[in-house]
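Trainee: dropping the sequence and predicted coords here.
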Amino acid sequence: MTDSDRLTVMTFNLGAGLADPDRLVGVLRASGADIVGLQELAPGQAAAIERALADVYPFRLLHPLGIAGKGLLSRLPLRDAALLELFPGRPDARATVEAPGGPLTVVVAHPPPPRLGRRWAENAAAAAQLARLVAAATAGGPAVVLADVNRVAWQAACRRLAAAGLVDAFASAGRGRGATAPTRLGAGAAGRLALPPFLRIDYVWHTPHFRTLAAWTGEDAGSDHRPVLARLVWMEPLGAEKDAAWCAGGVARTLHVDNAGDNQNV
Amino acid sequence: MVRYVAFLRGINLGKRRIKMEDLRVCFAAMGYADVATFIASGNVLFSAGQPPDPAAIAARLQETFGYAVPVALRTTAEVRPAAAARPFAADMLDAAAKVYVCFLFAEPGAAAQAAMAAQSTETDTFAPKGRELYVLCRKGTNLSIFTDAFVERHLGVAGTTRNITTVTKLAALVWDRG
């Protein structure tokens, strides 16, 4: 495996201006991420990224709209970058990254949080948004979804992503609890009470074209979320499997012989 | 047309050698379309207009090849989440650990699933989920209590097992090529 088989991706909700622009630039620069999905990108944050990170991330999609803001930063060329109008006033983003392993669809998403008493029409819009996000990520070929889903893993929205065959990177190879929010309460200087986060609501999801080598939460930059990073490796080409566990002759037990042919190409 | 994967149990071991070409011809002769195989452990992809009967496929395989070949049948839409499921916490998975997916021939009841999960040891963890049984072998297969007979005894349903890597690659295959 060479480094070109590997990809570090990151998702980061910037708290609509809460993440201090200079701190944010430092955290992003030190992250080692090849591809970064940003939610709640504010104009000041976007300006700092444009000013200070063009060398690290020459390919950028920046829509600084505050809570509805999105961004996509890449060391690798982007094409077909576009906003997806999947929920009123709250666009998600999609682009194709020209990765060494081939074209990779990247979706940056931020479904609105569940709200008690939400009107039926809003719930229907949220369900439609999720369905279209899943469709965007599962249209074919390798894909990564970088998202603040606003829900923990056992909630229906996350189960729906898993049911579509998307893999939760942190559940695959993350250490610890992976909680990302809330890291502080309230807005404005007076309200920024630091908290240990207790909800895992920020996710890297990927298609079965990858395996997660590691997943972790990143550095605080002043937002009310911590970022999530995942180191992914492209699966070897089909049929090239060389798994010693069943190459070995000594495992011809009743069960594992079912796998005996798995090393043969056909 | 719906795309299916037939997981065949116990082929290409001992004297039970089946050429993948023969397998494809056999499935095509049953009237299935776009037949393909993935590696030689008995994973056949095909399309069908009507839901196929796995028992009828097994009977035809026995007729053709001369021995019983039980079949676990899934749609490709069912294979995707089976590959994406992560029933074991990441910190249970050290370098020596192997994860297997046993595709069961029928869905066991809740009591049987609980009985199977209760068989977990320090070496092996059993996580039944719907028609799949996920098995984590921490110390390699030679020290494992996990065998086909063990599964059938405790779960009351038999199945056919693949390494999670095989299942993941199969999921990627159906993702790209249907």
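Mentor: Done, it's in.
Trainee: and the longest helix for chain B?
Mentor: Ranked by number of residues, the top helix in chain B under DSSP state H is helix B:164-177.
Trainee: close to chain A, is it?
Mentor: Yes - Helix B:164-177 reaches chain A (Cβ under 8 Å from any Cβ of the partner chain) through B:165, B:166, B:168, B:169, B:171, B:172, B:173, B:175, B:176. Any C-beta I mention is one placed from the backbone N, CA and C, and that applies to glycine too.
Trainee: lowest pLDDT pick from these?
Mentor: Ranked by pLDDT, those bottom out at residue B:176 (84).
Trainee: quick one: contacts for that one?
Mentor: Neighbouring residues of residue B:176 by Cβ atoms under 8 Å, 6 or more residues apart in numbering or on different chains: A:140, A:141.
Trainee: check residue A:28 too.
Mentor: A:12, A:36, A:49, A:53, A:56, A:57, A:73 are the contacts of residue A:28 under Cβ under 8 Å, 6+ apart.
Trainee: distance of the fourth one relative to residue A:10?
Mentor: The span separating residue A:53 from residue A:10 equals 13 Å under the rule Cβ to Cβ, to the nearest Å.
Trainee: give me the element residue A:213 is part of.
Mentor: Element membership of residue A:213, judged by DSSP states H and E, is strand A:210-217.
Trainee: tilt between that strand and helix B:164-177?
Mentor: If you take axes from the mean of the first three to the mean of the last three Cα atoms, to 10 degrees, strand A:210-217 sits at 110 degrees to helix B:164-177.
Trainee: just how off-centre is strand A:210-217 within its chain?
Mentor: Distance of strand A:210-217 from its chain centroid, counting by Cα atoms, centre = their mean, to the nearest Å, is 11 Å.
Trainee: output that strand as CSV - backbone C-alpha positions only.
Mentor: C-alpha atoms of strand A:210-217 as CSV (Å, rounded to 0.1, in the frame of the first residue of the first chain):
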residue,chain,number,x,y,z
PHE,A,210,-12.8,2.0,1.6
ARG,A,211,-11.7,0.6,4.9
THR,A,212,-11.3,2.9,7.9
LEU,A,213,-7.8,2.6,9.3
ALA,A,214,-8.4,5.1,12.1
ALA,A,215,-11.0,7.7,13.2
TRP,A,216,-10.6,10.3,15.9
THR,A,217,-12.0,13.7,17.1
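Trainee: just the element for whichever residue of chain B sits closest to chain A, please.
Mentor: When you check chain B against chain A by Cβ to the nearest Cβ, the closest residue turns out to be residue B:80, at 2.7 Å. Counting by DSSP H and E, the element that carries residue B:80 is helix B:76-84.
Trainee: next one: that helix to chain centre, how far?
Mentor: Chain-centre distance of helix B:76-84: 11 Å, with Cα atoms, centre = their mean.
Trainee: from the contact counts, what lies against it?
Mentor: If contacts are counted by 3 or more Cβ pairs under 8 Å, 6 or more residues apart in numbering or on different chains; DSSP states H and E, helix B:76-84 sits against helix A:156-163, strand A:167-168, strand B:2-8, strand B:98-104, helix B:164-177.
Trainee: format the ones you listed as CSV; extra columns: distance to residue A:6.
Mentor: Below are the helices and strands packed on helix B:76-84 laid out as CSV (distance: least, Cβ to Cβ, whole Å):
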stretch, distance to residue A:6
helix A:156-163, 23
strand A:167-168, 16
strand B:2-8, 29
strand B:98-104, 21
helix B:164-177, 17
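Trainee: which of the ones you listed is buried the deepest?
Mentor: strand A:167-168 (a mean of 26; mean count of other Cβ atoms under 10 Å in any protein chain shown).
Trainee: do whatever helix or strand comes next after that strand and chain B come into contact?
Mentor: As assigned by DSSP H and E, the chain's next helix or strand after strand A:167-168 is helix A:169-173. Yes - Helix A:169-173 lies within reach of chain B by Cβ under 8 Å from any Cβ, at A:170, A:171, A:172, A:173.
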